[in-house]
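**Q** structure for the following, please:
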Amino acid sequence: MSPSAYAAWSKDDLIARIQSLEAVLASDPKISPEKIPRPQTSLTSQDSAKKSKKERKPFDINAYPKRKIALKFCYAGWEYNGLAYQSDPTPLPMVEAVLLKALADCRLIDPEVGIDGCGWSRCGRTDKGVSGAGQVVALWVRSAIGAKASARKKNSPVEDVEASEESSAVVPGDAVNQPPAVPAATPSESTQQEDTNQAELRYVAMLNAVLPRSIRVLAWSPVTDDFDARFNCTFRHYKYFFSPGIPPYPHLSLSPGEDGLLDVSAMQDGAARLVGNHDFRNFCKIDPSKQVENYTRRITHATITPIDTASAGSSPSGMPLYVLDLKGAGFLYHQVRHIMAVLFLIGARLESPSIVDTLLDAQRITRKPVYEMADGLPLVLWDCGYPEGSLSWRVDDASSANPASASRAGGPQSAHNLYYDFDLLSSQSRTKMVMTEHFAKAAEVFHSPPRPPSNDA
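**A** This is a model prediction of the structure:
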């Protein structure tokens, strides 16, 4: 018989055929297998096989309950072309494109409707190379809680049924995004659902199982239907890391000063002048396509502090590291990088701290001066704030799942334990740092290292 003739056979029929062949060949090895009579095929097994194939239906996400949630996640910006999803090809992947694919792979959103069809909103947009430690997005996703939860449990993969405890905490919301046909629970409904002890999907574990290590979902929170991750945000906190001994730009030479380092105290003086309501048109990139009319923004916190080198290490040059902490309700296009560029000029003693006051006087400086903004690599969107009590961040409850999934969700030996992920990345980064230091030593044989001018020169 040809191989195609066995295609419709059931497992039991195939096993019977093999046993029949083995028995006959054992008694007479010279007999041709084609002459061995075929056993009677079980109609019951054939019918059941056809029936099981007929019952397999494509996954229909619209047959399941939906709810709106917020996701808090982090990402290493140097591996991506930026945060915001783009339909056009980019040299490097976009963070949101990778996250959307993971959501679709987990069957949490409908890939056919795309980013607009799931009510997507983001807290802050970051550019190429810029990282995020506490980015927040909101969207509609499939839920295990609702009137059709029993139907979902019948048809869904086992790993999708594993879940964490449900909470009644909710948040205000997204006026521009329309909810899907199946609405999320209202606050009162959410409380009732919690009382039924229904288990929600394990959003954190499911997504981290398919996402690259450079993107990690930290937590999720239930939100109300009108929640918007951007417009409900009350503050954004940025951090910018730098070393005082390395010129921020290759062409910028440090002026003579103490040990040839950036004057961090002068930079702190300049940063302190940013606090308050000011017109920041001279501290941002002017983009006519954005049609921005109001350049006034409020900075609530601006400090420069040293990083604890015992835990964080130092720069490859052996210099200590510092960080600018900048908090505000909102920021203009490339505002943080322009602020850092001016602070670098102050630290290099090319400008005095009073230049900040001068640039903030939009009536006096009517045209933005030309200067190069700081690099985006050391910039991190550290956190996004929301009204107190409006979000209830939670992670998967390992005790509510089976042992295998609990390990995936974050057991001490789990490959998807978030601490393990970040510890591994930190170890890899330290290795790269040491290797880079040795590259510099190898280059020193042929190229003299730059030496800052001394006061005695």
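
**Q** which residues of this structure score low on pLDDT?
**A** 1-5, 28-56, 147-197, 246-260, 309-318, 397-417, 450-457 (pLDDT under 70).

**Q** which helix runs longest in it?
**A** helix 418-443 (DSSP state H).

**Q** I'd like to know which elements that helix is packed against.
**A** If contacts are counted by 3 or more C-beta pairs under 8 Å, 6 or more residues apart in numbering; DSSP states H and E, helix 418-443 sits against strand 215-222. Glycine gets a C-beta too; all of them are placed from N, C-alpha and C.

**Q** buried sites along the helix or strand immediately after the strand it packs on in the chain?
**A** Proceeding N to C from strand 215-222, the next assigned helix or strand is strand 235-242, under DSSP states H and E. Using 16 or more other C-beta atoms under 10 Å as the test for burial, strand 235-242 gives 236-240, 242.

**Q** and the angle for the longest helix of the chain with strand 215-222?
**A** 150 degrees (axes from the mean of the first three to the mean of the last three C-alpha atoms, to 10 degrees).

**Q** closest to Gly328 out of the buried residues of strand 235-242?
**A** Arg236 (6.4 Å; C-beta to C-beta).

**Q** give me the distance between the closest one and Ala7.
**A** 60 Å (C-beta to C-beta, to the nearest Å).

**Q** same check, this time on Leu377
**A** On the measure of C-beta to C-beta, Leu377 and Ala7 end up 56 Å apart.

**Q** just the CA coordinates of the strand or helix carrying Leu381, formatted as PDB?
**A** In this structure, Leu381 sits in strand 379-385 according to DSSP H and E. Coordinates of each C-alpha in strand 379-385 appear next as PDB, following Å, rounded to 0.1, in the frame of the first residue of the first chain:
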ATOM      1  CA  LEU A 379      17.900  58.400  29.200                       C
ATOM      2  CA  VAL A 380      15.200  56.400  31.000                       C
ATOM      3  CA  LEU A 381      11.500  56.900  31.500                       C
ATOM      4  CA  TRP A 382      11.700  55.800  35.100                       C
ATOM      5  CA  ASP A 383       8.100  56.000  36.300                       C
ATOM      6  CA  CYS A 384       4.600  57.300  35.500                       C
ATOM      7  CA  GLY A 385       2.300  58.600  38.200                       C
END
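
**Q** give the buried residues for that strand.
**A** 379-385.

**Q** ok, which stretches of this protein are strands?
**A** 66-75, 121-122, 131-142, 163-164, 200-201, 215-222, 235-242, 276-279, 296-306, 322-328, 379-385 (DSSP state E).

**Q** so which of the ones you listed is the most surrounded?
**A** Of all those, strand 200-201 carries the top mean neighbour count, a mean of 26, counting by mean count of other C-beta atoms under 10 Å.

**Q** for the strand holding Leu381, which outside residues touch it?
**A** By C-beta atoms under 8 Å, 6 or more residues apart in numbering, the list of residues contacting strand 379-385 from outside reads 77, 123-124, 126, 129-136, 229, 233-241, 325, 336-337, 340.

**Q** how about the helices in the chain?
**A** 11-27, 43-55, 95-105, 114-117, 149-155, 158-161, 187-195, 203-210, 264-272, 309-312, 335-347, 355-360, 403-410, 418-443.

**Q** now the longest one: buried residues?
**A** Judged by neighbour count using 16+ other C-beta under 10 Å, the buried positions of helix 418-443 are 418, 420-421.

**Q** please list all residues in contact with Tyr80.
**A** By C-beta under 8 Å, 6+ apart, the residues touching Tyr80 are 92-95, 98, 128, 214.

**Q** tell me the one of those residues nearest Leu321?
**A** When those are compared against Leu321 (criterion: C-beta to C-beta), the nearest one is Ser214, at 21.6 Å.

**Q** with adjacent residues omitted, what lies nearest to that closest one?
**A** Nearest non-adjacent residue to Ser214, counting by C-beta to C-beta, 6 or more residues apart in numbering: Ala76, 4.3 Å away.

**Q** residues contacting the one you found?
**A** 131, 214-215, 425.

**Q** if we use 10 Å, what do you get?
**A** 95, 129, 131-132, 212-216, 380, 425, 429 (C-beta atoms under 10 Å, 6 or more residues apart in numbering).

**Q** sorry, back to before: and Leu377 and Ala7? which has more neighbours close in?
**A** Leu377 (14 against 7; other C-beta atoms under 10 Å).

**Q** correct me, but that one touches Gly129?
**A** Yes. With contacts counted by C-beta atoms under 10 Å, Leu377 reaches Gly129, the gap being 4.7 Å.

**Q** what is in contact with these two at once?
**A** With C-beta under 10 Å, 6+ apart as the test, Leu377 and Gly129 both reach 77-78.

**Q** quick one on the thing from earlier: and which of the buried residues of strand 379-385 is nearest Val370?
**A** For the buried residues of strand 379-385, the nearest to Val370 is Leu379 (21.1 Å; C-beta to C-beta).

**Q** relative to Leu326, how far out is that closest one?
**A** 10 Å.

**Q** follow-up on the earlier one: most neighbours out of the contacts of Tyr80, which is it?
**A** Val95 (28 neighbours).

**Q** that one contacts Ser214, correct?
**A** Yes. With contact defined as C-beta under 10 Å, Val95 reaches Ser214; the gap is 8.8 Å.

**Q** now do the shared contacts for these two.
**A** Overlap of the contact sets of Val95 and Ser214 (by C-beta under 10 Å, 6+ apart) consists of 75-77, 79-80, 131.

**Q** now the nearest residue to Arg213 once chain neighbours are set aside: how far from Phe344?
**A** Nearest residue to Arg213 in three dimensions, chain neighbours excluded: Asp421, at 5.4 Å (C-beta to C-beta, 6+ apart). Per C-beta to C-beta, Asp421 is found 32 Å from Phe344.

**Q** re the thing from before, turn the contacts of Ala76 into TSV, columns for distance to Pro449.
**A** As requested, the contacts of Ala76 are exported to TSV (distance: C-beta to C-beta, whole Å):
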residue	distance to Pro449
Val95	36
Gly129	26
Ser131	29
Gly132	34
Pro212	36
Arg213	34
Ser214	32
Ile215	37
Arg216	37
Val380	29
Leu425	29
Ser429	23
